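**Student:** Structure for the following, please:
(2 chains)
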Amino acid sequence: MLDAKLIRDDPQRVRDALRSRHSSWDVDAFLTADLKRREVLAELEALQARRNETSKAIGELMKQGQADKASASKEEVRAINEQIAILESAQRATQAAVDELLATAPNLPDATVPVGADETENVELKRWGTPRDFDFEPQAHWDLGPALGIIDFERAVKLAESRFVLLAGAGARLERALINFMLDTHADAGFKEWWPPALANTETLFGTGQLPKFEEDLYKTATTSDANEGCSLGDKVCQTAGKLYLIPTAEVVLTNIHRGEVLDASQLPLRYVAYTPCFREEAGSAGRDTRGMIRVHQFDKVEMVKFATPETSADELEHMTLEAEKILELLELPYRRIVLCTGDMGFSATKTYDLEVWMPGSNDYREISSCSDCGDFQARRAQIKYRDPAQFKGSRLVHTLNGSGLAVGRTLAALLENYQQADGSVIIPEALRPYMGGLERITAS
RNA sequence: GGAGGGGUGGCAGAGCGGCUGAAUGCGGCGGUCUCGAAAACCGUUAAGCCGGCCAACCCGGCUUCCGGGGUUCAAAUCCCCGCCCCUCCGCCA
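**Tutor:** From the prediction side, this is the model:
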């Protein structure tokens, strides 16, 4: 959520920033709605002040035993209350209009983000490793996996529907090995491990920005409960209340761990990591990546989340990205890092690095991690603050960051393609062998 | 699923319907003392919003004691509904 005060004070800056990320969010509609809101509020508060004053006077009279003198004042307050009731509903409406607009505004890009229209204008920052030179035609993982008997796409469809994956034998073991390898690596680097719920309520998904704007991306069928009955986010957002959603990423739950809390500056930065399954409707991606396990409805991910002060969040983003890259380097998978341009960034991010791994089967780099600094955007939605008495009075919003470290299914696919041999077998990279019971090679069985 | 108890400030924990935005303790901040620190003592310390042209300080107002509704001139305090938490029982991976 953007700072309403910033929009009011410097609308042109906001207008320019939003235009650079190709948002159609209407700054002027907000300013108009906000002005209206303040007008109504001023009127309402004047009446409330009058009522409070009169009521107090009645209290004095009652105390002095002059109850008879109070009846005129009582009548006056009754009249004021009728007007207040009318203004209150007007105030609720104007406030709701402002909240609704605010809830749908994307974050502003950081000054260091390159300006661009779409993914073609993202900027490559580095490359690591050299794509292998094959002396045979490398296969895609959707051919390798089934041939090895470790991925079964057909039966996954039978169990659920298309875009689901069924792993078997060494494939299932490899998935589990990767999860443990990634968790151990990040934990060794100082990330605290968590095991969160895979379903989350409305307020949680509002906090990280998935709701109210992106509900169609989330799974919610057959998972309703009463958990949001007392939803405090206002009518518009709470139309979705009463539902639990399958999390699209652990970012959602890890970030909301501290929703509504005031942290102590001495705790920061907090570095968290968790493995969870992730669920995405993939609405609107019909026809894209229909083969293989690149774009599926359920996948595993090891996710990093940080809470940092505004002063350190830029640094923390660099370190988090390096931490994700560490996994690729330990697995010796060639990759590149790109910085997303303004037009390609996600809703909540001020800056995002994507890591793309080399996929010989597609002869291309494919996204395998996305690391973002969300600034105070999510912290404002989720009310996550910190206190630093030596530096300032009261509390301030923290900065939140998140990054995949890594998407597990895509890593598995990348391993198959990069480590495939002419005979169709796949070598296990050394870093992973301890997690595979010493297995050095997957062969057809 | 059944029975009971509870949700108050950063935390713990009081709170006869008006003098309670809220006692007290802890924590934080400032000070006294000290070479310095600890201890002790003194003071101070909730948030959000609106306004005072802008910003800091400050001043005024409104709202906020889980959420929503009701009673009343007046609600943290009374009534109703909901949510959440705790304890006991039942069932269960």
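**Student:** Which residue ranges of the stretch 151-300 of chain A form helices?
**Tutor:** Secondary structure of the stretch 151-300 of chain A, counting by DSSP state H, counting those that start in this stretch: helices at A:153-159, A:170-188, A:202-208, A:235-238, A:250-256.
**Student:** what's the least confident stretch among those?
**Tutor:** When mean pLDDT is averaged over each of the helices of the stretch 151-300 of chain A, helix A:235-238 scores lowest at a mean of 46.
**Student:** sorry, back to before: the helices of the stretch 151-300 of chain A: which one's closest to A:Gln383?
**Tutor:** For the helices of the stretch 151-300 of chain A, proximity to A:Gln383 was assessed by Cβ to Cβ; helix A:202-208 is nearest, at 8.2 Å. Heads up, the C-betas are built off the backbone N, CA and C, glycines and all.
**Student:** what helices or strands is that closest one leaning on?
**Tutor:** Packed against helix A:202-208 by the contact rule (3 or more Cβ pairs under 8 Å, 6 or more residues apart in numbering; DSSP states H and E) you find helix A:235-238, helix A:250-256, helix A:377-382.
**Student:** which residues sit against the last one?
**Tutor:** The reference is to helix A:377-382. A:1-3, A:103, A:107, A:206-209, A:255-256, A:258-260, A:348-350, A:384-385, A:397-400 (Cβ atoms under 8 Å, 6 or more residues apart in numbering).
**Student:** can you do 7 Å?
**Tutor:** Contacts with helix A:377-382, where a contact means Cβ atoms under 7 Å, 6 or more residues apart in numbering, come from A:1, A:3, A:107, A:206-209, A:255-256, A:259, A:348, A:397-400.
**Student:** Averaging pLDDT per element, find the lowest-scoring helix or strand in chain A.
**Tutor:** Ranked by mean pLDDT, DSSP states H and E, the helix or strand of chain A with the weakest confidence is helix A:235-238, at a mean of 46.
**Student:** before we move on, back to that, can you list the helices and strands packed on helix A:202-208 in a markdown table and add distance to RNA strand B?
**Tutor:** Formatted as a markdown table, the entries for these read as follows, by distance: least, Cβ to the nearest atom of the strand, whole Å:
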| stretch | distance to RNA strand B |
| --- | --- |
| helix A:235-238 | 9 |
| helix A:250-256 | 15 |
| helix A:377-382 | 9 |
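**Student:** if you compare the ones you listed, which one is most tucked away?
**Tutor:** Each of the helices and strands packed on helix A:202-208 was given a mean neighbour count from mean count of other Cβ atoms under 10 Å, and the largest, a mean of 27, is that of helix A:250-256.
**Student:** what mean pLDDT does the helix or strand hosting A:Phe30 have?
**Tutor:** Remark: A:Phe30 resides in helix A:27-63, with elements defined by DSSP states H and E. Per-residue pLDDT values across helix A:27-63 average out to 90.
**Student:** Against which helices or strands is the strand or helix carrying A:Thr321 packed?
**Tutor:** Here A:Thr321 sits within helix A:313-330, counting by DSSP H and E. Under the contact criterion of 3 or more Cβ pairs under 7 Å, 6 or more residues apart in numbering; DSSP states H and E, helix A:313-330 touches helix A:170-188, strand A:298-308, strand A:335-339, strand A:351-359, strand A:364-373, strand A:399-407.
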